[in-house]
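Peer 1: For reference, the sequence and a predicted model appear below.
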Amino acid sequence: DPVLDFALRCPKAELHLHIEGSLEPELAFAMAERNGIRLPYADVDALRAAYDFADLQSFLDLYYACADVLRTAADFRDLMLAYLARAHADGIVHAEIFFDPQTHTARGIRFQTVLEGLEAGAAEGLARWGISSRLIVCFLRHLSEEDGFATLAEVEPFIARIHGFGLDSSERGHPPSKFERLFARCRALGKPVVAHAGEEGPPAYIYEALDLLKVARIDHGVRASEDPALLQRLARERMPLTVCPLSNVRLCVFARMEQHTLPQLLAAGLNITLNSDDPAYFGGYLGDNIRAVQAAFHWDAATWYQLARNSLEASFASPAEQAGWI
Ligand code: ES4
Ligand code: ZN
């Protein structure tokens, strides 16, 4: 399919990628081995067999358990480099990468260790493939705002090396309003903020992310399709939505790709970008998402070109960097 080949080759940015969610089972077992840790699964196949999720929480339980193998700066470097290799193969020229410091500092891994490892991988990816990247610290929303403030205090000595802040983990029952003061502080530090909203949570959480957290992008946001007034507002403001199609199907937000509301979101004039979220867990990288979406919706080359352009324009890359890609 020449349209699919074009979509895969177009220079594009990935804006919604949790680096811990790119940990493939093979790499997890290799790290467990070298760190002298036992994973609660017999082997790679047993772990992969557990990737059968009923909802976001059932995924998060496994995702946090596997992150335990990440111990050293070399682990975080190898994780980043493995992701960037896959990203390069899918035409990604720029990646804005989430990480969850609280998952690691709670286990006694220092923030500095995590940061140095991720940066080493990013530097190697830039040298090998010319991929630029940014790091976005995500706060875990199932934890308290106070815990978030303590995490921000650990990040602040390294603040120049962090591009922005995000909000992830269990959405239901943890609305953006819980973090209004924390995000005001992040913005006062001069950083753009983003938040997962409207993945499993209601449209009201998307309004809160916009009005209370003052986000630059909405991560997921697919439940906006339930609220026509919200769709109009998102279109008017050209607010980017970082949509993750395979993630939504694997976490049962939509039963099948054919039922995904991507076509309605595009028809409403929204600034949509496609992303892989947690590619090791959800059935693939950005290219796999593109293949699955194209199999369901058969879009034309103009639509794929627009999506690639949206991803570059919705990125935090400078206008000079963007001009080099477009
Ligand atoms: C996540 Cl898919 C998703 N949603 C919310 N938080 C997350 N952390 C990692 N993946
Ligand atoms: Zn996500």
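Peer 2: Looks like it came in fine. Ligands and ions are numbered 1, 2, ... in the order given.
Peer 1: Get me the contact residues on the stretch 151-300 of the chain for ligand 1.
Peer 2: Residues of the stretch 151-300 of the chain lying near ligand 1 by CB under 6 Å from any ligand atom: Asp168, Ser169, His196, Glu199, Ser247, Asp277, Asp278. Placement of C-beta: from N, CA and C, glycine included.
Peer 1: Let's see which of those residues end up in helices.
Peer 2: Ser247 (DSSP state H).
Peer 1: ChimeraX command to pick out the buried ones of the residues of the stretch 151-300 of the chain next to ligand 1?
Peer 2: One line in ChimeraX is enough to select the buried ones among these; burial here means 16 or more other CB atoms under 10 Å:
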select :168,169,196,199,247,277,278
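Peer 1: Which single one of the residues of the stretch 151-300 of the chain next to ligand 1 is nearest to Tyr63?
Peer 2: Proximity of these to Tyr63 was ranked by CB to CB; the top entry is Asp278 with 6.6 Å.
Peer 1: so what's the nearest residue to that closest one once chain neighbours are set aside up against?
Peer 2: Among residues not flanking Asp278 along the chain, Gly21 sits closest, at 2.6 Å (CB to CB, 6 or more residues apart in numbering). Contact analysis of Gly21 by CB atoms under 8 Å, 6 or more residues apart in numbering lists Tyr63, Asp277, Asp278, Pro279, Ala280, Tyr281, Phe282.
Peer 1: Among those residues, which pair sits farthest apart?
Peer 2: The widest separation within these (CB to CB) is 12.0 Å, between Tyr63 and Pro279.
Peer 1: Comparing these two, which residue is more hemmed in?
Peer 2: With neighbours defined as other CB atoms under 10 Å, Tyr63 and Pro279 compare such that Pro279 has more, 28 against 21.
Peer 1: Just confirm that one contacts His16, I think it does.
Peer 2: No. Counting by CB atoms under 8 Å, His16 is not a contact partner of Pro279; they are 10.7 Å apart.
Peer 1: In three-state terms, label the residue nearest to Asp278 for me.
Peer 2: When classified by DSSP: H, G, I helix; E, B strand; the rest coil, Gly21 comes out as helix.
Peer 1: For it, give its distance to Thr103.
Peer 2: 11 Å (CB to CB, to the nearest Å).
Peer 1: what does Ala314 give?
Peer 2: Ala314 sits 26 Å away from Thr103, taking CB to CB as the criterion.
Peer 1: Skipping its backbone neighbours, what lies nearest the residue in the stretch 101-250 of the chain that ligand 1 sits nearest to in space?
Peer 2: Closest to ligand 1 within the stretch 101-250 of the chain is Asp168: 3.5 Å, counting by CB to the nearest ligand atom. Nearest residue to Asp168, sequence neighbours excluded (CB to CB, 6+ apart): Cys138, at 4.5 Å.
Peer 1: in the stretch 101-250 of the chain, which spans are helices?
Peer 2: Assigned by DSSP state H, counting those that start in this stretch, the stretch 101-250 of the chain shows helices spanning 101-105, 111-129, 145-155, 180-188, 203-211, 228-236, 245-250.
Peer 1: one step back: now pLDDT too, for the residues of the stretch 151-300 of the chain next to ligand 1, in TSV please.
Peer 2: Shown next, in TSV, are those (pLDDT from 0 to 100):
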residue	pLDDT
Asp168	98
Ser169	98
His196	99
Glu199	98
Ser247	98
Asp277	98
Asp278	98
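Peer 1: which among the residues of the stretch 151-300 of the chain next to ligand 1 gets closest to Leu230?
Peer 2: Using CB to CB, Glu199 is the member of those that lies nearest Leu230, at 14.6 Å.
Peer 1: is it true that that closest one touches Arg223?
Peer 2: Yes. Using CB under 8 Å, Glu199 is in contact with Arg223, at 7.3 Å.
Peer 1: hang on, isn't Glu116 packed against Asp75?
Peer 2: No. With contact defined as CB under 8 Å, Glu116 does not reach Asp75; the gap is 11.3 Å.
Peer 1: Between those two, tell me which one has more neighbours.
Peer 2: Per other CB under 10 Å, whichever of Glu116 and Asp75 has more neighbours is Asp75, with 21 against 18.
Peer 1: which residues does the residue lying closest to His104 once chain neighbours are set aside contact?
Peer 2: If you skip the residues right next to it in sequence, His104 has Val114 as its closest partner in space, 5.1 Å away by CB to CB, 6+ apart. Residues near Val114 by CB under 8 Å, 6+ apart: Leu70, Ala73, Phe76, Phe99, Pro101, His104.
Peer 1: if I look at Val114, how far off is Phe139?
Peer 2: If you measure Val114 against Phe139 using CB to CB, the figure is 14 Å.
Peer 1: go on, Gln102?
Peer 2: Distance of Gln102 to Phe139, computed by CB to CB: 7 Å.
Peer 1: same check, this time on Ser225
Peer 2: 26 Å.
Peer 1: neighbour-wise, which of those two wins?
Peer 2: Legend: neighbour count by other CB under 10 Å for Ser225 and Phe139, higher for Phe139 (27 against 19).
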